[in-house]
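Trainee: test case, fold it:
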Amino acid sequence: MGQHIVKLEKEGHEPRYLIWSTIVDAPVTYGMPLKELKSFYRDEYGRRDFELNFDDRMKRVHEKGTSAHMDRNASETILVNRAGPNETELTHEEIWIKYVDERPDDSDEEE
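Mentor: Numbering: from 1, shown residues only. Sure thing, here's the model as predicted:
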């Protein structure tokens, strides 16, 4: 159990990456572009973990859509989830809407 990187894809859009928790069965980040994911990962897990693990995890993500060893694709990682209101299950499309389209604008944060 832990956290996986999941690549969300939607036709006509650049892929977005999020961190998926198997503890809460939901994303613990909003979807982000790859460049932002790299920066987030280094800040969150540290330089050493980034250097030791990030490339291997991303190789799996690019091959199958998820860094999870046991899942064949991103759909399997997010299949049974509690990502919606009151821990309801969301579809792939609903996850995209909630965690990519409805991502809060960083400029809205208070300083």
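
Trainee: first vs last residue of stretch 45-62, how far apart are they?
Mentor: With CA to CA, to the nearest Å as the measure, the ends of stretch 45-62 fall 20 Å from one another.

Trainee: how far off centre is it?
Mentor: 14 Å (CA atoms, centre = their mean, to the nearest Å).

Trainee: what does it rub up against?
Mentor: 5, 6, 7, 17, 38, 41, 42, 66, 67, 68, 69 (CB atoms under 8 Å, 6 or more residues apart in numbering). C-betas here are computed from N, CA, C, even on glycine.

Trainee: what about residue 89, how many neighbours?
Mentor: Residues near residue 89, counting by other CB atoms under 10 Å, number 15.

Trainee: touching, residue 20 and residue 26? I think so.
Mentor: Yes - in this structure, residue 20 is within contact of residue 26 by CB atoms under 8 Å, at 7.4 Å.

Trainee: higher neighbour count, those two?
Mentor: residue 20 (27 against 20).

Trainee: quick one: buried residues of the helix or strand harbouring the more buried one?
Mentor: Using DSSP states H and E, residue 20 sits in strand 16-21. Buried positions in strand 16-21, judged by neighbour count with 16 or more other CB atoms under 10 Å: 16, 17, 18, 19, 20, 21.

Trainee: hang on, the earlier thing: narrow the contacts of stretch 45-62 to those that are buried.
Mentor: 5, 6, 7, 17, 41, 66, 67, 68.

Trainee: filter those down to just the ones in helices.
Mentor: residue 41 (DSSP state H).

Trainee: can you pull the pLDDT of the residue sitting nearest the centre point of the chain?
Mentor: Nearest to the mean C-alpha position of the chain, by CA atoms, centre = their mean, lies residue 18 at 1.6 Å. Looking at residue 18, its pLDDT stands at 97.

Trainee: one more: the one 10 residues further on?
Mentor: The predicted local confidence for residue 28 comes out at a pLDDT of 97.
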